[in-house]
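# Just a sequence and a predicted model for now, questions to come.
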Amino acid sequence: MKLVSKNLFKKLIRYLPILILYIIVFTGFDSSFIFYDINFSFNFAYILIFFFVLKNPEALSYGLIFFSGIINDIVQNLPIGISSINFLLLCAIAAFIRTRMVLPNLLYDWILFLIAILIVSSINYNVLSIIFESPIRYETLMLSAFITFLIYPIFSKVFSNRILLILRTEDD
């Protein structure tokens, strides 16, 4: 019984990023909060995808990320493929950074994450405004990207502890 529960725990920890990503996209997780009558929001899916493609690419496959983008578009009532393009562009940037990074460091990851989400958010809003004629609210774009940037180190530490937990359970 102990062996079965230990194997179940290992599998749960291993597939936790996929589970979290799909919970986020299926539920339309609204990661916003109101502070002094200003709506602050952040994109948790961007944080999750960027971190795991950068640090542990085996945890999330590109096919699962693409499919989660399609689901996100359906749930958020966006044109089909917009979120998938954003997620895969974020994957491409993170994979490029991973191949070029010599010394992993949270500060470098954090700054490069800001650049990545600015690129992805800019392309997202430009595609939505040019092709689908949606109005752009630049203050919303910049505020959301900045809040996501500020929250990244917190989740990076949490996800790093998950990776350490996996390594410890594999040693047992």
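The structure has been received and is ready for your questions. All of these numbers come straight from a predicted model, not from anything done at the bench.

# Stretch 141-158: which residues count as buried?
Buried residues in stretch 141-158, defined by neighbour count with 16 or more other C-beta atoms under 10 Å: 143-145, 147-149, 152, 155-156. C-betas here are computed from N, CA, C, even on glycine.

# Quick one: the helices in this protein, in order.
For the chain, the helices defined by DSSP state H occupy 2-14, 16-27, 44-55, 62-76, 82-100, 106-130, 138-171.

# returning to what we had before: out of the buried residues of stretch 141-158, which is nearest to residue 26?
Nearest to residue 26 out of the buried residues of stretch 141-158 is residue 155 (C-beta to C-beta; 19.5 Å).

# circling back: let's have the helices of the chain in JSON lines, adding mean pLDDT.
As requested, the helices of the chain are exported to JSON lines (pLDDT from 0 to 100):
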{"stretch": "helix 2-14", "mean pLDDT": "74"}
{"stretch": "helix 16-27", "mean pLDDT": "88"}
{"stretch": "helix 44-55", "mean pLDDT": "91"}
{"stretch": "helix 62-76", "mean pLDDT": "91"}
{"stretch": "helix 82-100", "mean pLDDT": "92"}
{"stretch": "helix 106-130", "mean pLDDT": "87"}
{"stretch": "helix 138-171", "mean pLDDT": "77"}
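
# right, so those helices: which one is the most enclosed?
Per residue and on average, the most neighbours among these fall to helix 44-55, with a mean of 23 (mean count of other C-beta atoms under 10 Å).

# May I have that one as PDB, with CA atoms only?
Only the C-alpha atoms of helix 44-55 are listed here, as PDB (Å, rounded to 0.1, in the frame of the first residue of the first chain):
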ATOM      1  CA  PHE A  44      -0.600  32.800 -14.700                       C
ATOM      2  CA  ALA A  45      -0.500  30.600 -17.800                       C
ATOM      3  CA  TYR A  46       2.400  32.700 -19.200                       C
ATOM      4  CA  ILE A  47       4.300  32.200 -15.900                       C
ATOM      5  CA  LEU A  48       3.700  28.500 -15.900                       C
ATOM      6  CA  ILE A  49       4.600  27.900 -19.600                       C
ATOM      7  CA  PHE A  50       7.700  30.100 -19.500                       C
ATOM      8  CA  PHE A  51       9.100  28.600 -16.400                       C
ATOM      9  CA  PHE A  52       8.600  25.000 -17.300                       C
ATOM     10  CA  VAL A  53       9.800  25.400 -20.900                       C
ATOM     11  CA  LEU A  54      12.900  27.200 -19.600                       C
ATOM     12  CA  LYS A  55      13.700  25.000 -16.600                       C
END
